[in-house]
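Student: Sharing a model prediction with you, sequence too.
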Amino acid sequence: AMSPILYLILVLVLLAFIPVLVVRGARFNARNTSWANLRFDFDGALGEAYRIMLLYPILVVLTLYLAFPFLDRATQRFGITGHSLGKARMKFQSGIGPFYAAFFAAFIIALIGVAAFMGASWDFFLMTADPYSSQIPSSDMMVGLFTGYIFLIIAMVFAGVLYTALIRNHIFASMHLGDANHGFKSTISVFGLLGITVTNFLMIVCSLGFLLPWAQVRIHRYLANNTFIVPNGTLDDFVGDMVADGN
């Protein structure tokens, strides 16, 4: 068996390489993406990647996830401002307020789901909490436990979709490109994204995974159809540099 010390060393080595892989992957994807014969590029600083991916998560854990909006905003800023189209750089300006608004909205829904779960399955947990009890859970207790899990799953999925929709729309509204400050816009709706997420999941499960490619195309089409650029003047002024494809 692997010793705990060796296991810890391997985990630390893996963590040390994650920011490197993320930055190199982002650079590869950017340099192999183009628009109007101009290539994108990514030059995010590796030191910033280490700070965001290794230090911010520690802060999030120490604050019982109350600092998660700061992590999310820093991650979005790093990814966006590290990109450029030709010589035109991407910009991102946002306060922390919208991130906390989306976070607490999702948190309240998740909390309601937890409360519903505990309320529906309370009798079951009371019985199982007694180590000396020989009582067998009744059918009503099992139904309550199952119902509680359904409530919890629905609430967690809805909370995740709500946060994703609110944050994505805000992020695109906070992005600009180049000196002309061309804008962007995202118009996804919470219930539109929720409907696609749920139906995709059901189709993947019912098809034993065979419809996964169909589901991926479906979600990407929805996101693309609700993503727009808001030009601030002409789009013919972009100038590019020669950049390598990356390996």
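Tutor: Arrived safely, thanks for sending. All values reported here derive from a predicted model rather than from experimental measurement.

Student: ok, the closest residue to residue 45 other than its chain neighbours - how many residues close by?
Tutor: Nearest residue to residue 45 in three dimensions, chain neighbours excluded: residue 82, at 7.8 Å (Cβ to Cβ, 6 or more residues apart in numbering). Bear in mind the C-beta positions are built from the backbone N, C-alpha and C, glycine included. Residue 82 is flanked by 21 other residues according to other Cβ atoms under 10 Å.

Student: before we move on, what about the one 10 residues further on?
Tutor: Residue 92 is flanked by 17 other residues according to other Cβ under 10 Å.

Student: give me the element the nearest residue to residue 211 once chain neighbours are set aside is part of.
Tutor: With sequence-adjacent residues excluded and distances taken as Cβ to Cβ, 6+ apart, residue 211 is closest to residue 203, at 4.7 Å. For residue 203, the host element (DSSP states H and E) is helix 190-206.

Student: Same question for residue 41.
Tutor: strand 38-42.

Student: and after that strand, which helix or strand comes next?
Tutor: helix 46-50.

Student: quick one: contacts of that next one?
Tutor: Outside of helix 46-50, the residues within contact range by Cβ atoms under 8 Å, 6 or more residues apart in numbering are 19, 20, 22, 23, 78.

Student: quick one: the third one is in a helix?
Tutor: Read it as residue 22. Yes - the assignment for residue 22, made by DSSP: H, G, I helix; E, B strand; the rest coil, places it in a helix.

Student: contacting residues around it?
Tutor: 49, 53.

Student: Got the confidence number for it?
Tutor: Looking at residue 22, its pLDDT is 95.

Student: same for the helix holding residue 203, what does it pack against?
Tutor: In terms of contacts (3 or more Cβ pairs under 8 Å, 6 or more residues apart in numbering; DSSP states H and E), helix 190-206 is packed against helix 139-173, helix 212-225.

Student: so it versus helix 212-225, what angle?
Tutor: 170 degrees (axes from the mean of the first three to the mean of the last three Cα atoms, to 10 degrees).

Student: any idea of the mean pLDDT for helix 190-206?
Tutor: Computed over helix 190-206, the mean pLDDT rounds to 96.

Student: The contacts of helix 46-50, buried ones only, as a PyMOL selection?
Tutor: The following PyMOL line selects those of these that are buried, judged by 16 or more other Cβ atoms under 10 Å:
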select buried, resi 19+22+23+78
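
Student: tell me the centre residue of this structure?
Tutor: Here the mean C-alpha position of the chain is nearest to the C-alpha of residue 164 (Cα atoms, centre = their mean), at a distance of 6.7 Å.

Student: that older thread, would you mind giving the contacts of helix 46-50 as CSV with distance to residue 211 added?
Tutor: Listed next are the contacts of helix 46-50 as CSV, based on distance: Cβ to Cβ, whole Å:
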residue, distance to residue 211
19, 35
20, 35
22, 30
23, 34
78, 34
